[in-house]
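Undergrad: From the sequence below, what's the structure:
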Amino acid sequence: MKRGSLRVLLGAAPGVGKTYEMLEEGRRLLAEGRDVVVAIVETHGRAATAAQAEGLPVVPRRMVSHRGVELSDLDVDAVLARHPDVALVDELAHTNAPGSRTAKRWQDVELLRDAGIDIITTVNVQHIESLGAVVEQITGIAQRETVPDAVVRSADQIEVVDLAPQSLRDRLSAGNVYPAERIDAALSNYFRLGNLTALRELALLWLADEVDSALKDYRAEHGIEGTWQARERVVVALTGGPEGETLLRRGARIAARTAGGELLAVHVSTQDGLRQGSAAALAQQRALVESLGGSYHQVVGDDVPHALVEFARSVNATQLVIGVSRRGRLAAAVTGPGIGATVIRESGDIDVHIVTHAAAGGRLALPSLTGGALSVRRRVLGFVVALACGPLLTWLLVVFRSPESITSDVLAFQLLVVIVALVGGIWPALFAAVLSGLTLDFLFVEPFYTVRIADPLHLWALVLYVLNAILVSSIVDQAARRARSAARSAAESEMLATVAGSVLRGDSAVPALVSRTREAFGLAGIRLIAADGTVLATDGEPLRDGRHTRVPVPLAGSTDADAVLELHGPDLDASERRLLDVITAQLGAALERTALTETARTADTLAETDQVRSALLSALSHDLRRPLASAVAAVGGLRTEGPSLSAADRDELLATADESLTTLTTLVTDLLDVSRVQAGVLAVSLGPVDAADIVLTALDELGIGPGEVDLALDPELPPLIADGVLLQRVLVNVLANARRHSPAGERVRITTSRLGETAELRIIDHGPGIPAERRDDVFAPFQRLGDTDNTTGLGLGLALSKGFTEGMGGTLSTEDTPGGGLTMVVALPVVPVAAALPDGAVLPAASALPDTAVLPAASEAPDA
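TA: As a prediction, the model looks like this:
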């Protein structure tokens, strides 16, 4: 019997439409004449899903009684007895009721497939076993129901039912996923926009890996060896040398250019163990690869280039990154082409990047103009050519000598001199000319075997012969000098372009210029010292003997030295001095730009301070006048009319004075606090704080009873790392704003939840809300955003709350409330489980809450 097929509809989160899509496919197959049944479907009360199931044959569920509770589940035996062509099975990761035939629903699916029944099923990405830890890190919720990866990967078809995160939130807000009482908790916890985006990416990447595996199998089955560039896959070759970090970071940048790019690092070791590299360096580079999101591999092969290319082909790589050879030219000439050249030749359609690095030598050093036009190595090589080729040429000419061959003999020796001149320059050429002239006279000009010239014409010919050698070698020498000068000019141009670019880059210009100057002039070390002795930038190590050159660096437009450039290394020649003058001018411009930037920052700070001062004066002239005037009037009335006042009038004046002075105290305290926040001198005493305690204390301060707010506090929330006094003031300010702007009859909702190592306190109102473009304004001092009630204070509440929260290492942000309104989110770190507390500190126990307060968990795992 043919085994049934499996089609999996994969979703990123509940509510994307997996079950709806499965039912829609079942209706289509039923219309085509297939025998389709609904083995089990969970509608979760969604009307659209229930409507889609109407008209489809349904296998009755099996009822199970467990601890007095009636549970319904998939009846595998009934489906096997019915034996349809296609069975629709919802929620593949579901755990079966106790006493069922199998423990998991995916095991039921395997039984149905063994019976030849095709299965269409659904599963969310958070239920895939290998992704459990990642999902918990994203959502803060551990998944108890999982399905093995092998089961899902064995499916004949896997499809992602995709929905944009914001569209899913809109669907949830409209009540199409969960009932109304669960919407706020879901939106503020599991269905946060960041969570949904990460889960969506996780689902797409998991499916991409599955498609990639299928593509690899297809290529292997059909013998396709070429690279199919379906995804950017970058392989970095590591030797265990110091260049490894540079190569890895370059490879990571290449992989990051396209979405879904993959980074792989590989080290090739030989079977004899002679190419192991530094074990410590490889360990560090492996850790770096993993931190960059890549994977590390090690292969064994005696032919390193072939092993690299074969590995790259085996993983379907599109790019191969290798480092430039650390060998010198002489070593390359002796040992032949290096690994890089061989890799390029064998790579085929794989792009090869050869990356330079510090270990490859000082590429940025300027060519020297001192010394001969040709290097010592070339001059020595010229003498070697003359000594080696001269005797060989003489032997050949003697063997084939004839009375008429003197002309060809002279031209042959002339060619030898030209070749020596091209290789080694003037001195080897002169040596070859004199040596070949004497050889011609001794062996080829009569009288033979004597160094004597009988005919004056022969003497003249020898002189012309040497003169030609001098002329050719001098031309070669001039060409070499001009080539070196051109290389020097090109290097200077490149350096000046880099210098100009460094100045334009801004803050990093001065260190970049100092570093490039040391490289260009081959210095051991360099320092830029300000006039007051402060070291502004440094690169390399100063010489121990203290030898150095000091060059003044004036700011642009100034003649006085504002800094000194201290050079440690060889003395510079005239041309290098001219280039150094250009660099010091650019350094002066960069220093001036830095000074102007700092001045601008100071001016901006002064402008902001002046703006706050103006707002403060305006607020003082208006908001302090009323309570001050009331207090003065009340006290004055008591002093002048005290004896004649009735007890009721006296109590009223005292109450007015008390209220006005209390208001003045609050206003002055807020002003002092906002000054401390802006000056960065806020005193914060951090420690473990119980969120429920702070919430209840804030409610007491505002005189709010438990029946006037909705509380959804997580009883398992660990203590927060916060200052209890400051956190209470934050909650009081935020709660007061939320109550003031909430419509009559609408209660403010307070929730707490944990997301990873952060706890969130949410204060949710259903008032008018704030437009997105005005969100940042609510945290500015002296802002009321249209609140015309001048009795509410100076508009410092949210500014102080934000400053207090950030001072405790947290954040205060705003979000839209579904259905209208504003949600203020206070996010603070939680105390780690194994955190070491300060001496004497004790974690407080979770506070006992009033009997009337019901605190449901705010972060329940969503329905599958």
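Undergrad: residue contacts, residue 383?
TA: Going by C-beta atoms under 8 Å, 6 or more residues apart in numbering, residue 383 touches 424, 428, 431. To be clear about C-beta, it is placed using only N, CA and C from the backbone, and glycine gets the same treatment.
Undergrad: and it, what element?
TA: Residue 383 is part of helix 376-399, with elements assigned from DSSP states H and E.
Undergrad: excluding its backbone neighbours, what's nearest residue 179?
TA: Excluding the flanking residues, the one nearest residue 179 by C-beta to C-beta, 6 or more residues apart in numbering is residue 45, at 6.7 Å.
Undergrad: possible to save the contacts of residue 383 as TSV with neighbour count, pLDDT and distance to residue 597?
TA: Formatted as TSV, these follow (neighbours: other C-beta atoms under 10 Å; pLDDT from 0 to 100; distance: C-beta to C-beta, whole Å):
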residue	neighbour count	pLDDT	distance to residue 597
424	26	79	55
428	26	85	58
431	19	84	63
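Undergrad: Around the residue nearest to residue 179, count how many other residues there are.
TA: For residue 45, the neighbour count with other C-beta atoms under 10 Å is 11.
Undergrad: So it, which state does it fall into?
TA: Using DSSP: H, G, I helix; E, B strand; the rest coil, the structure places residue 45 in coil.
Undergrad: Output the below-cut-off pLDDT ranges for the stretch 301-450 of the chain.
TA: 326-338, 357-375 (pLDDT under 70).
Undergrad: Tell me where it has helices.
TA: 304-314, 329-335, 339-346, 376-399, 406-424, 426-443 (DSSP state H, counting those that start in this stretch).
Undergrad: Nearest to residue 152 among the ones you listed would be which one?
TA: Closest to residue 152 of those, according to C-beta to C-beta: helix 304-314, at 24.9 Å.
Undergrad: ok, back up a step: list phi and psi for the residue nearest to residue 179.
TA: Dihedral pair for residue 45: phi 80, psi 10, per degrees, to the nearest 10.
Undergrad: what about it, distance to residue 135?
TA: When distance is defined by C-beta to C-beta, to the nearest Å, residue 45 is 25 Å away from residue 135.
Undergrad: what's the answer for residue 25, then?
TA: For residue 25, the distance to residue 135 (C-beta to C-beta) stands at 26 Å.
Undergrad: okay, those two: which has more neighbours?
TA: residue 135 (22 against 17).
Undergrad: Now for the spatially closest residue to that one that is not a sequence neighbour, how many residues are close by?
TA: What sits nearest to residue 135 in space, not counting adjacent residues and going by C-beta to C-beta, 6+ apart, is residue 126, at 4.2 Å. Residues lying near residue 126 (other C-beta under 10 Å) number 29.
Undergrad: Is my assumption valid that residue 126 occupies a position in a helix?
TA: Yes - assignment of residue 126 by three-state DSSP places it within a helix.
Undergrad: quick revisit: buried residues in the helix holding residue 383, which are they?
TA: Under the neighbour-count criterion of 16 or more other C-beta atoms under 10 Å, helix 376-399 has 378, 379, 381, 382, 383, 385, 386, 390, 393, 394, 397 buried.
Undergrad: which among the residues you listed gets closest to residue 703?
TA: Nearest to residue 703 among these, with distances taken as C-beta to C-beta, is residue 378, at 94.9 Å.
Undergrad: contacting residues for the closest residue to the closest one other than its chain neighbours?
TA: Once flanking residues are discounted, residue 378 sits nearest to residue 424: 5.7 Å by C-beta to C-beta, 6+ apart. Contact analysis of residue 424 by C-beta under 8 Å, 6+ apart lists 374, 378, 379, 380, 381, 382, 383, 385, 386.
Undergrad: quick one: residue 424 and residue 386, what's the gap?
TA: 8 Å.
Undergrad: Please read off the pLDDT at residue 622 from the model.
TA: Note for residue 622: predicted pLDDT of 50.
Undergrad: Revised request: answer the last question for residue 75.
TA: 89.
Undergrad: how many other residues sit next to it?
TA: 20.
Undergrad: what's the closest non-adjacent residue to it?
TA: With C-beta to C-beta, 6+ apart, the residue lying closest to residue 75 is residue 62, at 3.8 Å.
Undergrad: Isn't that neighbour up against residue 71?
TA: No - counting by C-beta atoms under 8 Å, no contact exists between residue 62 and residue 71, whose distance comes to 9.1 Å.
Undergrad: Tell me which of the two has more neighbours.
TA: With neighbours defined as other C-beta under 10 Å, residue 62 and residue 71 compare such that residue 62 has more, 19 against 16.
Undergrad: circling back: to residue 631, which of the helices of the stretch 301-450 of the chain lies closest?
TA: Shortest distance between residue 631 and the helices of the stretch 301-450 of the chain, using C-beta to C-beta, is found for helix 304-314: 82.3 Å.
Undergrad: hang on, the earlier thing: how confident was the prediction at the residue nearest to residue 135?
TA: 90.
Undergrad: Check residue 484 too.
TA: Listed pLDDT for residue 484 reads 69.
Undergrad: What does the residue most central in space within the chain show for phi and psi?
TA: Against the mean C-alpha coordinate of the chain, by C-alpha atoms, centre = their mean, the closest residue is residue 292 at 8.1 Å. With angles defined as degrees, to the nearest 10, residue 292 sits at phi -90, psi 0.
Undergrad: tell me the contacts of residue 282?
TA: Contacts of residue 282 by C-beta under 8 Å, 6+ apart are 238, 240, 244, 267.
Undergrad: re earlier: send the alpha carbons of the helix holding residue 383 over as PDB?
TA: Output of helix 376-399 as PDB, limited to C-alpha atoms (Å, rounded to 0.1, in the frame of the first residue of the first chain):
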ATOM      1  CA  VAL A 376      70.100  45.800  -6.100                       C
ATOM      2  CA  ARG A 377      68.300  42.600  -6.900                       C
ATOM      3  CA  ARG A 378      67.900  43.600 -10.600                       C
ATOM      4  CA  ARG A 379      71.500  44.800 -10.900                       C
ATOM      5  CA  VAL A 380      72.800  41.500  -9.400                       C
ATOM      6  CA  LEU A 381      70.500  39.600 -11.800                       C
ATOM      7  CA  GLY A 382      72.000  41.600 -14.700                       C
ATOM      8  CA  PHE A 383      75.500  40.500 -13.800                       C
ATOM      9  CA  VAL A 384      74.300  36.900 -13.400                       C
ATOM     10  CA  VAL A 385      72.700  37.000 -17.000                       C
ATOM     11  CA  ALA A 386      76.000  38.400 -18.400                       C
ATOM     12  CA  LEU A 387      78.100  35.800 -16.700                       C
ATOM     13  CA  ALA A 388      75.800  32.900 -17.500                       C
ATOM     14  CA  CYS A 389      74.800  33.800 -21.100                       C
ATOM     15  CA  GLY A 390      78.100  35.200 -22.200                       C
ATOM     16  CA  PRO A 391      80.000  31.900 -22.200                       C
ATOM     17  CA  LEU A 392      77.100  30.000 -23.600                       C
ATOM     18  CA  LEU A 393      76.700  32.400 -26.500                       C
ATOM     19  CA  THR A 394      80.500  32.300 -27.100                       C
ATOM     20  CA  TRP A 395      80.400  28.500 -27.300                       C
ATOM     21  CA  LEU A 396      77.600  28.500 -29.800                       C
ATOM     22  CA  LEU A 397      79.300  31.100 -32.000                       C
ATOM     23  CA  VAL A 398      82.600  29.300 -32.000                       C
ATOM     24  CA  VAL A 399      80.900  26.000 -33.000                       C
END
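Undergrad: Run the chain-centre distance for that helix.
TA: Chain-centre distance of helix 376-399: 61 Å, with C-alpha atoms, centre = their mean, to the nearest Å.
Undergrad: And for stretch 403-413?
TA: In this view, stretch 403-413 has its centroid 74 Å away from the chain centroid, taken as C-alpha atoms, centre = their mean.
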